[in-house]
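Visitor: Predicted model and sequence below, questions to follow.
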Amino acid sequence: MKKLSLFVLLALCFNFINAQSTTDTTQKIIAGRENSIKQEQKPYVILISADGFRYDYAEKYGATNLLNLANSGVRAESMIPSYPSLTFPNHYTLVTGLYPAHHGLVNNSFYDREKKTFYGMRKASVVKDGSWYGGTPIWVLAEQHKMLSASFYWVGSEADVKGVLPTYYYTYNEAIPIDRRIQIVKDWLQLPEDRRPHLITFYFPEVDHNGHEFGPDAPETQQSVRWLDSSIQKLVNTVNSTGLPVNFIFVSDHGMTTVDVDHPVIVPNNIDTTKFLVSFGAEITSLYAKNKADIPNAYQALKLQENGFKVYLRDSIPDSLHYKTSDDVMNRIGDILLVADWPRGFGTPGRKMKSGAHGYNPYTVKDMHATFYAWGPAFKKHITIPSFQNVNVYPIVADILKLKYDFKIDGTQEVAKEILKKMKKKKFKKKRNKLKIE
């Protein structure tokens, strides 16, 4: 038995080392691009996401650096995520200005009826396939305007959405230390003007990890908030040392709530999987009918079993959530939805649930609310604004960078007008490719 245990231990160590060695930490660069002369004159935006950073975490855990930065510029009482309040739908909403049902990422995992396959946030082949993503991400808009962009992780940034990737980007991994990532941002900003990105996205997963594992009130979550707070200050100090007019927008995708781990909701075991495909989630479980004729009977049967969850047809979801058939641009919302009652979640018998969760209705569960802070030369100073929906972040970034768009989004200019200074128009000076006239 001892020999077997040693063998297993060695095998596990080998697998771990092998996994680490195969992690892709190389920077991807799209060759042949450069900023237009006009775009070289524009300001800079770093859009930072701290996954799962609840609206009250900064005050709750004394994130003094973040609070000082927010108080120097703009802060919202909270930011309201789109439904469902999950990571992939909301990160993509932030960079498209569209509700999840309008851009197509309706959940972290879902079924596409036309493709006849599932999207999953851990399936590399689909995550990198641009055909899954609707809308026009802000980095795509920038590149279309001959403005270079860079991404140190963001949902959709590894996919060729509309055939376009950021000029500089990384495959998602958690192997690159924060100090190295910050140095790379500085390196980007010190590139020659024609190759320097004016839009950078930057992502932190740590607070979400601990919030799930230990709950939002745990000392481990406090520790991750404090670590992030010091990392943000390092990033700001490093970026400011370049002397460039950089604007920072700090957001999160959703909040976090304490889950009733002692009373998990069990998905009814009489769902006929010969008639329905099932996408399981802790807060939402979606059923996709193989034959529409089977929906009414299944729905009625499930309604009779409601206990710790509600059953909806996708036509009966409240209008305010923008998550029903009329919103479902890519036809990806389930025919029948089982929605857990907060603070409970769907679990598996005999398997302990994680302590923290999100995904609930942000209009009834305040813990789902996210964070919005912004500071830099484009922003007004020392103002606090009421809570607003996260579809409005896209127009803010586009306005700062003066990127025009003629397509419809769900966000409006109202928040941008409230928080941005009125910038004087500048005449653009041609600084390269001058023609000498004899």
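Guide: Now that the structure is in, tell me what you want to look at.
Visitor: now K292: how far from A101?
Guide: 19 Å (CB to CB, to the nearest Å). Just so you know, the C-beta spots here come from the backbone N, C-alpha and C atoms, and that holds for glycine as well.
Visitor: same check, this time on S241
Guide: 43 Å.
Visitor: more crowded one of those two?
Guide: Using other CB atoms under 10 Å, the more surrounded residue of S241 and A101 is A101, with 28 against 11.
Visitor: mind checking the SS state of the residue most central in space within the chain?
Guide: The residue at the geometric middle of the chain, judged as the C-alpha nearest the mean C-alpha position with CA atoms, centre = their mean, is H91 (1.9 Å). Going by DSSP: H, G, I helix; E, B strand; the rest coil, the secondary structure assigned to H91 is helix.
Visitor: so it makes contact with V155?
Guide: Yes: under the contact definition of CB atoms under 8 Å, H91 touches V155, with a separation of 3.8 Å.
Visitor: Check the contact lists of these two and give me the overlap.
Guide: Taking CB atoms under 8 Å, 6 or more residues apart in numbering as the contact definition, H91 and V155 share no neighbouring residue.
Visitor: Quickly find the element holding W139.
Guide: helix 138-144 (DSSP states H and E).
Visitor: residues in contact with the helix or strand following that helix?
Guide: Following helix 138-144 in sequence order, the next helix or strand is strand 149-152 (DSSP H and E). When contacts are defined by CB under 8 Å, 6+ apart, strand 149-152 is touched by residues 138-139, 142-143, 157, 166-170, 181, 184-185, 188, 197-203.
Visitor: So which of the residues you listed belong to strands?
Guide: Taking DSSP state E as the definition of strands, the contacts of strand 149-152 contribute 168-170, 199-203.
Visitor: could I get those as a markdown table with neighbour count and distance to Q413?
Guide: Conversion of the ones in strands among the contacts of strand 149-152 to a markdown table gives the following (neighbours: other CB atoms under 10 Å; distance: CB to CB, whole Å):
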| residue | neighbour count | distance to Q413 |
| --- | --- | --- |
| Y168 | 22 | 29 |
| Y169 | 21 | 28 |
| Y170 | 21 | 32 |
| L199 | 27 | 19 |
| I200 | 25 | 23 |
| T201 | 29 | 21 |
| F202 | 22 | 25 |
| Y203 | 20 | 26 |
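Visitor: picking that back up, now the helix holding W139, how far from the chain's geometric center?
Guide: Between the centre of helix 138-144 and the centre of its chain there are 17 Å (CA atoms, centre = their mean, to the nearest Å).
Visitor: For it, list every residue counted as buried.
Guide: Buried residues in helix 138-144, counted by 16 or more other CB atoms under 10 Å: 138-143.
Visitor: helices or strands up against it?
Guide: Taking 3 or more CB pairs under 8 Å, 6 or more residues apart in numbering; DSSP states H and E as the contact definition, the neighbouring helices and strands of helix 138-144 are strand 149-152, strand 199-204, helix 393-401.
Visitor: for that helix, what is the average pLDDT?
Guide: Computed over helix 138-144, the mean pLDDT rounds to 98.
Visitor: what do you get for stretch 273-286?
Guide: In this model, stretch 273-286 carries a mean pLDDT of 97.
Visitor: One more: stretch 219-233?
Guide: Computed over stretch 219-233, the average pLDDT equals 98.
Visitor: Same question for stretch 353-360.
Guide: Stretch 353-360 shows a mean pLDDT of 97 in the predicted model.
Visitor: Okay, now the unreliable bits of the stretch 251-400 of the chain?
Guide: Applying pLDDT under 70 to the stretch 251-400 of the chain picks out no residues at all.
Visitor: Going by residue numbers, what spans are helices in it?
Guide: 295-303, 393-401 (DSSP state H, counting those that start in this stretch).
Visitor: which parts of the first one are buried?
Guide: Along helix 295-303, the positions that meet the burial threshold by neighbour count (16+ other CB under 10 Å) are 295, 298-299, 302.
Visitor: Distance to P343 added to these, as a markdown table?
Guide: What follows is the buried residues of helix 295-303, written out as a markdown table (distance: CB to CB, whole Å):
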| residue | distance to P343 |
| --- | --- |
| I295 | 29 |
| A298 | 27 |
| Y299 | 25 |
| L302 | 22 |
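Visitor: What is the nearest of those to P216?
Guide: Here the nearest of the buried residues of helix 295-303 to P216, counting by CB to CB, is L302; it sits at 30.7 Å.
Visitor: Let me see the contact set for the closest one.
Guide: Taking CB under 8 Å, 6+ apart, we find L302 in contact with 268, 271, 311, 336, 338.
Visitor: Which of those fall in strands?
Guide: Those of the contacts of L302 lying in strands (DSSP E): 311, 336, 338.
Visitor: Let's have the helices and strands packed on helix 138-144 in CSV, adding distance to Q39.
Guide: Below are the helices and strands packed on helix 138-144 laid out as CSV (distance: least, CB to CB, whole Å):
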stretch, distance to Q39
strand 149-152, 11
strand 199-204, 10
helix 393-401, 8
